[in-house]
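Visitor: Return a 3D structure for these sequence lines:
(one chain, ligands or ions: 1)
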Amino acid sequence: MGIETQKTFCRFCHANCAMIVDVEVTGDGTRKVVEVRGDPDDPAYGGYTCLKGRELPDSHNAEHRLKHSLVRNEAGEFVETPMDDALAHVADELRRIINEHGPHSVAVFMGSGGFQNSAAMAASLSFAQGIGSRNFYTSVTLDQPAKVYTTMRYGRWMGGPNTFSESDVAMFIGNNPVVSHYAPVGGVPPFSPSRRIRDRQAQGMKLIVADPRESDVARLADLYLPVKPGEDPALLAGMLNVIITEEIYDRNFVAAHVDGFDELARAVATMTPEVAAERAGLEPDQIIAAARMFAGGTKGCAVTGTGPEMAGNGTLTEYLVTCLNTVCARFKQEGEKAAIPGVFTPQQGPRRAQVAPPVPMFGAEGMPKSRFRGLGHLGWEMPCNVLADEILTPGEGQVRAFISVGGNPVVGFPDQQKMVRALDDLDLFVQIDPWMSASAKRADVVLAPSQCLEREDITNLSEWWHEEPYARYVEAVATPPGDVIDEWEMFWTLAKHLGTPMNLAGGPLPMDRKPTKEEFLDLSVAGCLVPPSQVRRDCAANAGAAVVYSDKHPLVDPADKGEFHRFDLACGDMPAAILRYADNPPLKAGYDFKLISRRSKTRFNSIGHPLKKLQEKTTTNPAYIHPDDIAALGLVEGGIVEISSPHATIHGVVKASDKVRRGLVSMAHAYGDADASKEDVRTRGSSTNRLTSDTVDIDPITGQALQSAIPVKLVAA
Ligand code: SF4
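Guide: Below is the predicted model of the structure:
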């Protein structure tokens with residue numbers, strides 16, 4: 001009996017901040033989380049946490065947390081059901097559906113919650129592949145598919161990009177890591193991001209921030225560009241115009257490693273600073289200054305958040321960012337330490353000072369195709385954009401069963417009303433969720449998972465931000481309540497019932513006996529720098545703290561001349577897309593405002609809504625509007641505004657902010673519910689995705705729906 005203190009890490013979001021946890025141990029051996037705090041001795045995090053992570057005790061101990069699974073009875077009511085029985089029921093239903101409709105009739109979706117479990121991604125993907133379904137989805141294609149596509153399509157440098165800690169210039173486009181704790185590789189690591197930025201600035205780094213809203217990170221910028229929403233391509237093409245015209249790019253690197261430069265130069269020639277500034281809502285001098293500041297550095301990357309991809313022209317935007325980094329040669333060179341060592345990341349191949357061989361991406365021959373919009377697999381997953389149609393449309397491969405792993409499709413997918421119709425149309429909807437979320441309420445079966453401090457995990461999700469070979473394997477520190485299990489165990493049990501295999505990177509999982517999580521993790525990341533089982537032993541020997549495998553940090557080797565590839569900046573539809581963009585300014589008559597998406601300090605996508613202390617901070621996602629627009633529209637602070645797109649109408653609580661450009665309304669996404677309305681907008685918030693469509697204004701390559709920079713009109717409600 002008493003309090004035990006152990007080291008662990010947070011899994012509320014992907015940042016995996018190092019924590020110390022106090023656990024109350026009772027007479028019967030039950031272990032209950034009572035407090036968490038940052039671990040000041042951790043070499044990467046230095047004690048950093050955020051207010052969401054500090055609510056882990058509430059998340060684990062909340063009265064209304066699901067401690068048992070729920071299965072609907074014939075009357076449509078949820079009945080508490082033992083986990084074994086619930087899984088047997090799901091397996092029976094899946095078998096019936098597969099027999100009747102084939103393997104593609106089962107879809108699996110990994111949402112934000114599922115990603116926080118180090119085994120759930122491999123488990124859900126191998127389950128879907130084991131039953132032979134092409135319908136595997138993740139939240140990556142909801143908000144940033146073009147990053148994956150662009151990296152593979154135009155060339156990937158095997159040594160990796162410059163890292164933030166060596167940068168003398170950095171550019172963040174629609175990325176607010178101070179709140180989102182997210183940046184692509186090359187951007188600021190999400191642990192203590194403000195301090196890291198200020199430290200680098202104190203050492204001379206220049207920071208450029210482009211964002212329609214003067215975000216938290218914009219206030220730290222040396223050059224802030226309040227670009228119009230959805231017009232990042234104009235800013236980026238304008239900067240490339242200046243960089244190429246003034247010949248301040250890296251000519252040696254381009255000559256040695258880049259094809260398609262002339263085509264790029266011709267396309268951006270149309271985007272003079274004057275033309276680009278007019279389109280982007282900036283001054284020509286601002287574009288010239290940004291170009292000179294970025295190209296004037298020697299190391300440092302331009303990176304985007306999720307907003308620019310969600311704001312239309314996502315692939316074009318990411319392509320132009322790739323061009324900017326490529327012509328300025330923002331890559332690790334021979335003899336330097338590779339950018340991201342990635343202790344748990346398997347099959348990274350050699351780290352060389354050269355471009356990697358191209359990888360087949362969307363549309364490549366032989367890759368699985370959707371029945372809709374000409375879209376197909378990105379890597380191993382189908383774009384979320386097509387899921388509702390795959391469910392609703394009869395025919396070969398129609399989805400009839402859907403398993404959502406910690407996702408919340410009701411508030412997270414584009415075209416909310418259509419997605420809700422699709423979920424309600426399913427023969428079987430299984431939601432893995434510790435709460436009765438907006439999606440869980442509509443499910444046929446809700447499987448109750450253990451929470452992070454009740455399970456073992458490794459830091460595989462966060463390691464693309466670690467510039468050193470940092471790794472952790474943590475033990476379960478709290479007792480799971482009721483009848484909850486780890487997500488990977490659910491998939492293993494379902495596969496066993498169905499008699500289907502689960503193949504991981506290191507080979508098949510044993511199905512005649514349940515493997516341990518350590519065995520699962522070892523197989524799932526086989527081929528990595530240090531196997532999880534070894535990291536587990538090393539962490540145990542280090543009193544549970546992280547281990548940094550400095551001696552295993554790969555160096556960038558010389559190029560292999562026998563297998564030489566080059567960036568190709570002119571392949572596919574680019575750079576002609578720049579010219580089409582330049583010729584087609586967006587027009588939506590009658591919709592004079594744009595709704596832009598923002599991150600919430602108190603929620604991680606749709607995660608955190610049920611937690612008491614986070615609710616005390618806010619229960620709604622306010623509609624931030626410039627004070628002059630509030631006055632001009634006759635709105636009042638704290639009143640309700642009706643927000644209509646060409647597709648639907650939602651409501652928001654008006655909040656004045658002079659950090660938002662005029663003509664905009666800025667709201668956090670993933671709030672509300674399918675039936676959220678004016679009456680309850682203060683207590684539940686609003687689903688901005690209701691305003692969007694999965695068929696109009698979508699990215700033609702990735703299917704990304706327009707989920708920011710949405711044309712809207714505002715009236716007092
Ligand atoms: S940033 Fe993410 S991982 Fe870190 S404490 Fe906050 S929620 Fe947890």
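
Visitor: Point me to the residue of the stretch 601-717 of the chain nearest the ligand.
Guide: Nearest to the ligand in the stretch 601-717 of the chain, going by Cβ to the nearest ligand atom, is F604, at a distance of 6.2 Å. All C-beta spots, glycine's among them, are computed from the backbone N, C-alpha and C.

Visitor: Find me the pLDDT at that residue, would you?
Guide: At F604, the pLDDT value in this model is 79.

Visitor: How about the contacts made by the closest residue to the ligand within the stretch 401-550 of the chain?
Guide: Relative to the ligand, the nearest point of the stretch 401-550 of the chain is S462 (7.8 Å; Cβ to the nearest ligand atom). For S462, the contacting residues are 14-16, 190, by Cβ atoms under 8 Å, 6 or more residues apart in numbering.

Visitor: farthest pair in those residues?
Guide: Spatial extent of those (Cβ to Cβ) is set by the pair N16 and P190 at 8.9 Å.

Visitor: who's more crowded, those two?
Guide: N16 (33 against 23; other Cβ atoms under 10 Å).

Visitor: measure the residue nearest to the residue of the stretch 401-550 of the chain closest to the ligand when sequence neighbours are not counted to the ligand for me?
Guide: Nearest non-adjacent residue to S462, counting by Cβ to Cβ, 6 or more residues apart in numbering: N16, 3.7 Å away. Going from N16 to the ligand by Cβ to the nearest ligand atom, to the nearest Å gives 6 Å.

Visitor: which residue sits closest to W465, ignoring its sequence neighbours?
Guide: Once flanking residues are discounted, W465 sits nearest to P189: 4.1 Å by Cβ to Cβ, 6+ apart.

Visitor: give me every residue that touches that neighbour.
Guide: 44, 164, 183, 196, 465-467.

Visitor: Tell me how many other residues crowd the residue nearest to T304 when sequence neighbours are not counted.
Guide: Excluding its sequence neighbours, the residue lying closest to T304 (Cβ to Cβ, 6+ apart) is I173, at 4.5 Å. For I173, the count of nearby residues is 24 (other Cβ under 10 Å).

Visitor: Next: H497.
Guide: 16.

Visitor: Quick check, it in contact with A86.
Guide: No: assessed by Cβ atoms under 8 Å, H497 is found out of contact with A86, at 11.6 Å.

Visitor: Which one of the residues in the chain is closest to the ligand?
Guide: Closest to the ligand within the chain is G53: 2.3 Å, counting by Cβ to the nearest ligand atom.

Visitor: How about the contacts made by that residue?
Guide: 10, 12-13, 17, 19, 36.

Visitor: just T138 next, same as before
Guide: T138 sits next to 109-111, 115, 121, 381, 384 when contact means Cβ under 8 Å, 6+ apart.

Visitor: Next, it: phi, psi?
Guide: The phi and psi values for T138, taken as degrees, to the nearest 10, are phi -140, psi 170.

Visitor: Specify the beta-bridge partners of it.
Guide: M110 (DSSP bridges).

Visitor: picking up where we left off before, how much space separates the residue nearest to S462 from A623?
Guide: 33 Å (Cβ to Cβ, to the nearest Å).
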